[in-house]
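Asks: need a structure here:
(chains A and B)
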Protein chains: 2
Amino acid sequence: MCGAEAYIMLKNPKMALCKEHYREFVERKVERTIKRYHMIKENSKILVALSGGKDALAVALSLKNLGYEFECLHINLGIGKYSELSENKAKKQCEYINKNLHVVYLKELVGAGIGERRKNRAPCSYCGMTKRYLMNKFAVDMGFDAIATGHNLDDESAFLLGNLLHWNVDYLSRQGPVLPKGERMAARIKPLYELTNEQIEMYVKLFPVDCVSEKCPHAKGANSILYAKVLNEIETKSPGTKLNFVNGYLKNRDVFKAEEIKLNKCKICGMPTLGDICSFCRFWNMKEEVKFKELR
Amino acid sequence: MCGAEAYIMLKNPKMALCKEHYREFVERKVERTIKRYHMIKENSKILVALSGGKDALAVALSLKNLGYEFECLHINLGIGKYSELSENKAKKQCEYINKNLHVVYLKELVGAGIGERRKNRAPCSYCGMTKRYLMNKFAVDMGFDAIATGHNLDDESAFLLGNLLHWNVDYLSRQGPVLPKGERMAARIKPLYELTNEQIEMYVKLFPVDCVSEKCPHAKGANSILYAKVLNEIETKSPGTKLNFVNGYLKNRDVFKAEEIKLNKCKICGMPTLGDICSFCRFWNMKEEVKFKELR
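Replies: Down below sits the predicted model:
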């Protein structure tokens, strides 16, 4: 576009960009997503969930370059070498962007890592819940208003497809780029909502900082991977399908009405739950609430 | 299941069936679909749209074996050898099931076949409209109450997926196994709504009668083919997905509200249309309404 050597050939919109312009393109897109969905209010205290992977890194890099203030949280899930590697990458990433990093260790908090308890259950089935709980508890305890995660267009469109294939009306009523703040619930925001896996990969490669590229040893052909794959087949034929799919959904989301839910306070930790005891305290068999050490 | 040699290994529900039991399985499924959606009322005059292909043949065979009364209509679309072949197969099929066949010739009615006019337009873009119009006009003029078509689970789930990917709320509000009868509109019913391509193929092979297996020369990688393909990838991993997908949709269909539409009478043919002149009369540049010869 500018005469410099092309770094990437975008398909939607169709254009060839040099490194500098590509970086601008991505960051402008993140900025527009943040503004369009009112993700960050003035004086919001933002916590970036920094897994060590490319998506979280892209959130941190773009927010930093756009001038946002934030701190980072890494959750060490206690999955052997994989978790060690992830923690190291997260640390180096935070050094590079010069932001505060908090690290919490699942093993310290509940006495075991993912995959070490209740071996009859697939680790992925409770890993997401565990991460969401700890991110939220940490944010609430430490006074953060919103948690920024690396969910991207591929994740979100695959999740949407899965929920439509199974008509999970409950999820369909509240999926989206922002989950609003509530009582003892930090907001959750997804600044990469409109960027694809591929675009994010090419963005982080622009910076001299590494991310975990290994897959979690527990990850096995989840349905969501298949959904993402088939959406990419369709995207290849009709570029723009994924973005139109999620945008069309957001326009129509109101047609899905979830049943009113009444949230209780978990009897052990006080966090919101549908029942008496929240899934986290129940699964990890907690006797008292998780307590984080002071900010390091 | 019965000790006889297995003819097919079904995946959903999982069972091996001999020829005789498989035939029963399919016909019972058709019967249940007809009853569940109240497709055929007592004394309904039914017209089966007999293209010559496997799906239409399966409709005719199963309705015949279930004891329903009906007549058949074949539309010769004027697509060279392909249409000749299709007409011949349809004729032989009707001889085999011993039912009345009506044949109408697009060339006689409008002076050209599909693909011979307005060469700048993709033939598929008006072929569907043309067939639907002629089926309906014929049914209305000749006093049929409902038209049975061969749309199957693969077609319907692919169509649904396409409409969800593009959030065609209008289509989403009225897709389904039955389109009700209206003013100058015969009902449209889809007795194969719950049967897959593969199941239908194996069903028609049970009978000593042929169908067109050639593809229409105009058919080129339509999106619907891709949607069907990706749904089959998901089905392979999770048998039952397609059926649950359309059934879940039917349960939730009411959330999609189409804008009220007011139908006018086409100034040329008197059939229902949104504007002044219906798509058929407009596209084919009709000066007066299509008139079918008496029943042959």
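Asks: just the CA coordinates of stretch A:35-47, formatted as PDB?
Replies: Once non-C-alpha atoms are left out, stretch A:35-47 reads as follows in PDB (Å, rounded to 0.1, in the frame of the first residue of the first chain):
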ATOM      1  CA  LYS A  35     -14.600   2.000  21.600                       C
ATOM      2  CA  ARG A  36     -17.500   0.300  19.800                       C
ATOM      3  CA  TYR A  37     -18.300  -1.900  22.700                       C
ATOM      4  CA  HIS A  38     -17.400   0.600  25.400                       C
ATOM      5  CA  MET A  39     -15.000  -1.900  26.800                       C
ATOM      6  CA  ILE A  40     -12.800   0.500  28.800                       C
ATOM      7  CA  LYS A  41     -14.200   3.300  30.800                       C
ATOM      8  CA  GLU A  42     -12.100   6.200  32.100                       C
ATOM      9  CA  ASN A  43     -10.200   5.200  35.300                       C
ATOM     10  CA  SER A  44     -11.100   1.500  34.700                       C
ATOM     11  CA  LYS A  45      -8.500  -0.700  36.400                       C
ATOM     12  CA  ILE A  46      -7.700  -3.300  33.700                       C
ATOM     13  CA  LEU A  47      -6.200  -6.700  34.300                       C
END
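Asks: what does the average pLDDT come to for that stretch?
Replies: For stretch A:35-47, the mean pLDDT works out to 95.
Asks: doesn't A:Leu47 make contact with A:Phe138?
Replies: Yes - between A:Phe138 and A:Leu47 a contact is recorded at 7.4 Å, counting by C-beta atoms under 8 Å. (Each C-beta comes from the backbone N, C-alpha and C, glycine too.)
Asks: can you list residues touching both of the two?
Replies: The overlap between the contact sets of A:Phe138 and A:Leu47 (C-beta atoms under 8 Å, 6 or more residues apart in numbering or on different chains) consists of A:Leu73, A:Phe144.
Asks: between those two, which one's more packed in?
Replies: A:Leu47 (24 against 21; other C-beta atoms under 10 Å in any protein chain shown).
Asks: Doesn't the more buried one belong to a strand?
Replies: Yes - with DSSP: H, G, I helix; E, B strand; the rest coil as the criterion, A:Leu47 is assigned to a strand.
Asks: for A:Ala146, what are its contacts?
Replies: Each residue near A:Ala146 by C-beta under 8 Å, 6+ apart is listed here: A:Met39, A:Ile40, A:Ser44, A:Lys45, A:Ile46, A:Leu47, A:Ala139, A:Lys181, A:Ala186, A:Ala187, A:Arg188, A:Ile189.
Asks: And the buried ones among those residues, selectable in PyMOL?
Replies: In PyMOL, selecting the buried portion of the contacts of A:Ala146, with burial taken from 16 or more other C-beta atoms under 10 Å in any protein chain shown, looks like this:
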select buried, chain A and resi 39+40+44+46+47+139+181+186+187+188+189
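Asks: Apart from its chain neighbours, what residue comes closest to A:Phe283?
Replies: Nearest-residue entry for A:Phe283: A:Tyr126, 5.4 Å, with adjacent residues in sequence omitted and distances by C-beta to C-beta, 6 or more residues apart in numbering or on different chains.
Asks: Tell me the secondary structure at the residue of chain A most remote from its centre.
Replies: Here chain A has its C-alpha centre computed as a mean, and the residue farthest from that point, by C-alpha atoms, centre = their mean, is A:Gly3 with 35.6 Å. Per three-state DSSP, the secondary structure class of A:Gly3 is coil.
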